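Asks: Next input, structure requested:
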Amino acid sequence: MLLASYKVTRPGLQGIANRVIRLRLRSIYSHCEVVFEPEDHVDQWMPDGSAARGGDGSLWCASSVAGERLPETSARRPGRMGGVRFKRIALNPDHWDVRRIASNPAQAAQWFKAHEGELYDWQLILGFVSWVIPHKSERWTCSEASAAAQGVAEGEAWRFDPANLDAAAGAWM
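Replies: Residues are numbered from 1 along each chain as shown. Coordinates of the predicted model:
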């Protein structure tokens, strides 16, 4: 299992969000994904029943997103905007830093399957700007979902952002 940390700027409104998040975190990362590989043996939890690479080299990734529609394969809220989802991504090394993580892939895949379709945690993002705004439990940012899937207690996973999750993943190796 891998952790992929996003380091480039997308076009449009998402690019503005990338820049603001990186500026606030003082980091090169604005987003993260848990990446499942064929040798993780998590086929039964993947949307198409297989963790094999796609024809374009893509792998199943899981995270929580704000500005994307949930895929039609989503167990809850398919086609709706934002939330926990699985997505096939061809991880271009110019866009992503990828590191192996010492976590249980089956546990992570099951966590994402159980939480698929849950809402994005806008309150936590706004809390980066103003500490008075609390995060909402049962809503997830990318790093919060990734940390919880790796076994961090769900009540503590909100403490992770894309920058410190990447650093912590390196330390957990």
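
Asks: for the protein, what's the longest strand?
Replies: When the chain is parsed with DSSP state E, its longest strand is strand 59-69.

Asks: Would you mind getting the angle between the helix or strand just after that one and strand 59-69?
Replies: Remark: after strand 59-69, the chain's next helix or strand is strand 81-89, criterion DSSP states H and E. Following axes from the mean of the first three to the mean of the last three CA atoms, to 10 degrees, one obtains 150 degrees for the angle between strand 81-89 and strand 59-69.

Asks: Give the bridge partners for the residue nearest the centre of the chain, please.
Replies: Nearest residue to the geometric centre of the chain (CA atoms, centre = their mean): residue 63, 2.5 Å. With DSSP bridges as the criterion, residue 63 is bridged to residue 85.

Asks: so it sits right up against residue 36, yeah?
Replies: No - in this structure, residue 63 is not within contact of residue 36 by CB atoms under 8 Å, at 11.7 Å. Yep, even glycine has a C-beta here, placed from its N, CA and C like the rest.

Asks: can you count the residues close to the residue lying closest to residue 96 once chain neighbours are set aside?
Replies: Among residues not flanking residue 96 along the chain, residue 4 sits closest, at 4.5 Å (CB to CB, 6 or more residues apart in numbering). Residues within reach of residue 4, counting by other CB atoms under 10 Å, total 24.

Asks: Same question for residue 165.
Replies: A count of nearby residues for residue 165, using other CB under 10 Å, gives 24.

Asks: ditto for residue 23
Replies: Other residues lying near residue 23 total 10 when counted by other CB under 10 Å.

Asks: Give me the three-state assignment for it.
Replies: Secondary structure assignment for residue 23 (DSSP: H, G, I helix; E, B strand; the rest coil): helix.

Asks: which residues are in contact with stretch 144-155?
Replies: 3, 32-34, 62-64, 84, 101, 103-104, 107-108, 111-112, 115, 121, 124, 135, 137, 140, 156-160, 165, 168-169, 172 (CB atoms under 8 Å, 6 or more residues apart in numbering).

Asks: Please apply the same query to stretch 161-172.
Replies: With CB under 8 Å, 6+ apart, stretch 161-172 has contacts from 3, 5-6, 21, 25-27, 29-32, 97, 99, 101-103, 128, 141-143, 146-147, 150, 160.

Asks: buried ones in that stretch?
Replies: Going by neighbour count (16 or more other CB atoms under 10 Å), the buried part of stretch 161-172 is 161, 162, 163, 165, 166, 168, 169.

Asks: With that, I have no additional questions.
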